[in-house]
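A.B. asks: Here's my sequence, what's the structure:
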Amino acid sequence: PAEGERQMLTVINRDLKSNFHTHTIYCDGSDTPEQMAEAAYDLGFSALGFSGHQWSVPDSYYAMDRDEEDRYFTDIRALREKYRGRMRIYAGIERDYCCDRGDREFDYVIGSVHHVVKDGAYYSVDSSEEILRDGIDKAFGGDAMEFVRAYYRQEADVLTKTGGQIVGHFDLITKFNEHGEFFDESGAEYRDIALSALRDLIGRYERDPGSSSIPDGMPPELRKYLEGGKPIVEINTGAMAREYRSVPYPADFLLEELDRLGVPVLLSSDCHDRRMMTHGFEEVLRMPVMRQA
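C.D. replies: Numbers count the residues shown, from 1 in each chain. Sure, this is the predicted structure:
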């Protein structure tokens, strides 16, 4: 589209028949892969992608170690055979900005930022309001906007750093900020920082899509957009499912920018509980920014 012009926002799974961001008992989910697959199949899914947390230093208490990752793959391979011809099953991974890439190829990679890294220390944005406040105080002397800037510097580089193709919960830093507890999400300063990071992230991918190679097992409905030179940004309803937020990630103004940039989006519930497989999807599709042409 021309500069400033909006087009129809491309929602890859507008039919609500897939979810590629799910977690199981192998990391911090509550259900087995088989229980998740049964729930998805009962919903009439055409495809289900698993995206366990890859091991990293700050997430070692819940992310998958190598043995758990091996068992994760074994279970998913078995489910792929069980549902062959009825529902496609994929073995993806959610890789944090702090992770090493490792030597295993996954069907896809969700690149996410869960921590601000400063001077070798990790400050979580995802654990609790108290931990977030402590990080702002310790790392930035109580200056929340400096914390915000540091977070979005990492977001701008998340696909390059992780080798991911899908951007996970882009503005996760707002998780505990529903009522402006830390910063003003409607303010020009915050929005300028977030928009700049989003444009930078998309621009880096478009200039060098090879930095995030497309795995052989990539779901075909995602592959066609990636081969067109665009990354994929998820619309994540996880904080809605867990009652931290009343709206999804990313915020409306960021979705409008993705709309203008022609970047496709993917509905994801960041599912940690099989009962929340499509939580908030229909509500999100009713949002004005999600209108169809």
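
A.B. asks: how near is the most centrally placed residue in the chain to Glu34?
C.D. replies: The centre of the chain sits closest to Gly168, judged by Cα atoms, centre = their mean, with a distance of 1.6 Å. For Gly168, the distance to Glu34 equals 24 Å [Cβ to Cβ, to the nearest Å]. Bear in mind the C-beta positions are built from the backbone N, C-alpha and C, glycine included.

A.B. asks: One more: Tyr244?
C.D. replies: Relative to Glu34, Tyr244 is positioned 28 Å away (Cβ to Cβ).

A.B. asks: Same check on Leu159?
C.D. replies: 31 Å.

A.B. asks: Which strands and helices lie in contact with the helix ranked longest in the chain?
C.D. replies: Ranked by residue count and defined by DSSP state H, the top helix of the chain is helix 188-207. Judged by 3 or more Cβ pairs under 8 Å, 6 or more residues apart in numbering; DSSP states H and E, the packing partners of helix 188-207 are helix 144-156, helix 158-162, helix 252-261.

A.B. asks: Deepest-packed of those, please.
C.D. replies: helix 158-162 (a mean of 22; mean count of other Cβ atoms under 10 Å).

A.B. asks: Just the C-alpha atoms of it, please, in PDB.
C.D. replies: This file holds the C-alpha atoms of helix 158-162, laid out as PDB (Å, rounded to 0.1, in the frame of the first residue of the first chain):
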ATOM      1  CA  VAL A 158      14.500 -10.800  18.200                       C
ATOM      2  CA  LEU A 159      14.200 -12.600  14.900                       C
ATOM      3  CA  THR A 160      17.900 -12.000  14.000                       C
ATOM      4  CA  LYS A 161      19.000 -13.200  17.400                       C
ATOM      5  CA  THR A 162      16.700 -16.300  17.600                       C
END
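
A.B. asks: Which strand or helix spans Phe50?
C.D. replies: Assigned by DSSP states H and E, Phe50 belongs to strand 47-53.

A.B. asks: For that strand, give me every contacting residue.
C.D. replies: 17-24, 26-29, 33, 36-37, 40-41, 59, 62-64, 68-69, 72, 76, 87-94, 96, 107-108, 110, 219, 221 (Cβ atoms under 8 Å, 6 or more residues apart in numbering).

A.B. asks: let's go with 6 Å and repeat that
C.D. replies: With contact meaning Cβ atoms under 6 Å, 6 or more residues apart in numbering, strand 47-53 is reached by 18, 20-22, 26-27, 37, 40, 59, 63-64, 72, 76, 88-94, 110, 219.

A.B. asks: Dig out what the residue lying closest to the residue nearest to the centre of the chain once chain neighbours are set aside forms beta bridges with.
C.D. replies: Once flanking residues are discounted, Gly168 sits nearest to Ser112: 3.5 Å by Cβ to Cβ, 6 or more residues apart in numbering. In this entry, Ser112 is beta-bridged to Asp96, by DSSP bridges.

A.B. asks: Next up, the contacts around Ser112.
C.D. replies: Contacts of Ser112 (Cβ under 6 Å, 6+ apart): 94, 96, 168.

A.B. asks: Near the second one, how many residues? Count them for me, please.
C.D. replies: Meaning Asp96. 26 (other Cβ atoms under 10 Å).
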